[in-house]
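# sequence and predicted structure, then a few things I'm wondering about:
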Amino acid sequence: LLLNALVGYSGMLPTFKAIQNGVNVALANKESLVVGGEIITKELSKNDVKLFPVDSEHSAIWQCLIGENIDEINKLILTGSGGPFRSLPISKFKNITKEQALKHPNWDMGSKITIDSATMMNKGFEIIEAYWLFNLPIDKIQVIIHPQSIIHSMVEFIDGSIKAQLGTPNMTIPINFALNYPNRTFNDSYRFDFLESNSLTFEEPDIKKFKCIKLAYDALKLGGSYPIVLNVVNDICVDAFLNDKISFIDIPNFIDEAMQNHNSTNLTDIESIFDTIEQTKNYINNKLRL
């Protein structure tokens with residue numbers, strides 16, 4: 001079993017190589033499927049290899065689907081905390097600082113994924129990852145804001161029944177599940193107390209404030225090499241923001257511009273993915289004058 005927890009689209013090649021060599025992958029690098037979903041999916045079936053999702057949302061869906069019939073799913077419901085700017089008026093987004101964006105209300109994560117959570121691009125990537133992992137149409141993948149981060153995701157079935165996986169906002173549970181599947185091992189480090197946390201709330205995501213969610217849906221619908229552009233430009237822009245070269249609101253705007261100026265190519269092999277990555281890097285680096 002290979003655990004891939006690399007950051008960004010650089011994680012795609014190790015995932016691909018492991019699958020080629022018949023190694024199951026516990027996948028914490030969601031960008032592997034954002035960038036190479038179609039090719040990785042084909043390689044999985046060719047080599048009879050499994051992906052075990054480590055992201056808390058996809059682990060939750062995976063756990064809810066064990067023993068279920070995929071044809072009886074009505075929709076997948078990915079939950080998201082809304083990040084540090086869920087309640088901030090959009091008029092103040094232009095003044096968001098790096099220090100503010102790095103303060104996530106629930107999760108303790110690395111700087112890249114914390115910024116992705118603040119822009120909600122992290123949720124956008126998860127939409128694309130869910131599409132490839134669970135083989136469902138785009139319109140059956142929904143995002144709901146759940147500020148407490150206790151319900152990690154849900155599955156609604158055609159009879160109206162909904163299954164949810166709950167737990168404290170800590171990655172120990174999904175990592176443990178992926179590494180030990182199909183067995184559950186004892187873990188008493190984190191226990192959720194319903195009496196201490198007796199309020200679970202839900203909101204619709206604000207697409208105007210969090211444009212990255214819409215951009216991810218757009219990239220998935222457009223298909224081809226568009227998700228690669230989404231991912232590569234985001235990675236470079238987040239790094240530029242962390243190094244004080246662009247503002248917070250520049251991140252989705254540069255992604256949008258790059259997607260609008262992109263002509264999609266067919267991804268026939270791994271080399272075609274890297275060709276698109278290089279073209280996109282050249283485009284955005286010129287734009288940012290990096």
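Good, I have the coordinates.
# tell me the contacts of residue 169?
Residues near residue 169 by Cβ atoms under 8 Å, 6 or more residues apart in numbering: 56, 81, 106-107, 149-150. C-betas here are computed from N, CA, C, even on glycine.
# name the nearest residue to it, ignoring sequence neighbours.
Of all residues beyond its chain neighbours, the one nearest residue 169 is residue 149 (4.0 Å), with distances taken as Cβ to Cβ, 6 or more residues apart in numbering.
# three-state assignment of the one you found?
Using DSSP: H, G, I helix; E, B strand; the rest coil, the structure places residue 149 in coil.
# number of residues surrounding it?
Using other Cβ atoms under 10 Å as the criterion, residue 149 is surrounded by 20 other residues.
# who's in contact with it?
Taking Cβ under 8 Å, 6+ apart as the test, what residue 149 contacts is 79, 81, 106-107, 169.
# same thing but 7 Å
Remark: with contacts taken as Cβ atoms under 7 Å, 6 or more residues apart in numbering, residue 149 is in contact with 81, 106-107, 169.
# which non-adjacent residue is nearest residue 29?
Excluding the flanking residues, the one nearest residue 29 by Cβ to Cβ, 6+ apart is residue 11, at 3.3 Å.
# pretty sure that neighbour contacts residue 28?
No: applying Cβ atoms under 7 Å as the test, residue 11 and residue 28 come out as separate, 8.4 Å apart.
# counting neighbours, go ahead and name the busier of these two.
The residue with more neighbours, out of residue 11 and residue 28 and counting by other Cβ under 10 Å, is residue 28; that gives 24 against 21.
# would you map the helices across this protein?
Taking DSSP state H to define them, one finds helices in the chain at 12-20, 31-47, 56-65, 98-101, 111-119, 121-134, 172-180, 211-222, 226-242, 250-260, 270-288.
# what's the closest of the contacts of residue 149 to residue 22?
The shortest approach to residue 22 among the contacts of residue 149 belongs to residue 107, at 33.4 Å (Cβ to Cβ).
# burial of the closest one, as a residue count?
Taking other Cβ under 10 Å as the neighbour definition, residue 107 ends up with a count of 16.
# now do residue 85
Residue 85, neighbours per other Cβ under 10 Å, totals 22.
# spatially nearest residue to it, not counting backbone neighbours?
Setting aside the residues directly before and after it, residue 85 is nearest to residue 118 in space (Cβ to Cβ, 6+ apart), at 6.1 Å.
# thank you kindly, that will do.
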